[in-house]
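Engineer: Here you go, sequence then predicted model.
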Amino acid sequence: MAKVIPITNGTGSSELINGTYTVTASVNGYDNSSIQPDSVVIDQSSNTYSFTICANGTLTLHVTDDGTSTGNPIVGATFVRVDSTGTEYGSVITTGSDGNAIFENVPYADTDAPVIYYRQTSSDGEHEFDSSIQSITMTTDTQTIEIENTVGATRTIQLTDANYDNMPIESGTLTFTN
């Protein structure tokens, strides 16, 4: 007898009697044949069982100074996968000389694909970036998103003598470190 267990936010529950079960998956956007383990022995020693499943899509984040495919690539921008609340998962990925940061093994499906969330965590130190949570639903196995990291705005810095109102300092340097 087959027992279908609905999964919501990574968890499901159902009454199961002790025994050996073959496990199959039906998860939109994932390679259902990758369910592991694909068999399990349910017994009185545990009431919690964990499984994993793989996706095989590729999401490329192409980061340039103008957000176009022909813009100047930004090297060293970092991204991380997150959920809708911002909890981080997996390793940080970094753009290379081509401006590409590549998330491998992400879900995709023709219809009803799961939402993929990600967030930029840094740029190259010369460009501004949006650190808010972004999302995409992939309908093909590969997709590229163009991301803009604009050059930092030119700021005017003034240095005056603290003892003589508005007297400019003739020369020197200030170092700003973040």
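Structural biologist: Perfect, thanks for sending it.
Engineer: and the chain, what are its domains?
Structural biologist: Domains of the chain are assigned by automatic domain parsing as 19-54, 57-148.
Engineer: Return the distance of the last one from the chain's centre.
Structural biologist: Okay, so that is domain 57-148. 6 Å (CA atoms, centre = their mean, to the nearest Å).
Engineer: circling back: hey, which of the domains of the chain is tucked in deepest?
Structural biologist: A comparison of the domains of the chain by mean neighbour count, using mean count of other CB atoms under 10 Å, puts domain 57-148 on top with a mean of 16. C-beta: built from backbone N, CA, C; applies to glycine.
Engineer: start to end distance for it?
Structural biologist: Using CA to CA, to the nearest Å, the end-to-end distance of domain 57-148 comes to 23 Å.
Engineer: distance of the nearest residue to Ser34 once chain neighbours are set aside from Thr154?
Structural biologist: In space, and not counting its chain neighbours, Ser34 is closest to Cys54: 4.0 Å by CB to CB, 6 or more residues apart in numbering. Using CB to CB, to the nearest Å, Cys54 is found at 47 Å from Thr154.
Engineer: Let me see the contact set for the residue nearest to Ser34.
Structural biologist: Remark: with contacts taken as CB atoms under 8 Å, 6 or more residues apart in numbering, Cys54 is in contact with 30-31, 34, 105.
Engineer: what bridges to it?
Structural biologist: Asp31 (DSSP bridges).
Engineer: What pLDDT does the model give it?
Structural biologist: For Cys54, the model assigns a pLDDT of 97.
Engineer: swap in Gly152?
Structural biologist: 88.
Engineer: how far away is it from Ser50?
Structural biologist: Applying CB to CB to Gly152 and Ser50 gives a distance of 45 Å.
Engineer: Same check on Ile42?
Structural biologist: Distance, Ile42 to Ser50, by CB to CB: 13 Å.
Engineer: go on, Val151?
Structural biologist: With CB to CB as the criterion, Val151 and Ser50 are 46 Å apart.
Engineer: Please apply the same query to Glu146.
Structural biologist: Taking CB to CB, one finds Glu146 at 37 Å from Ser50.
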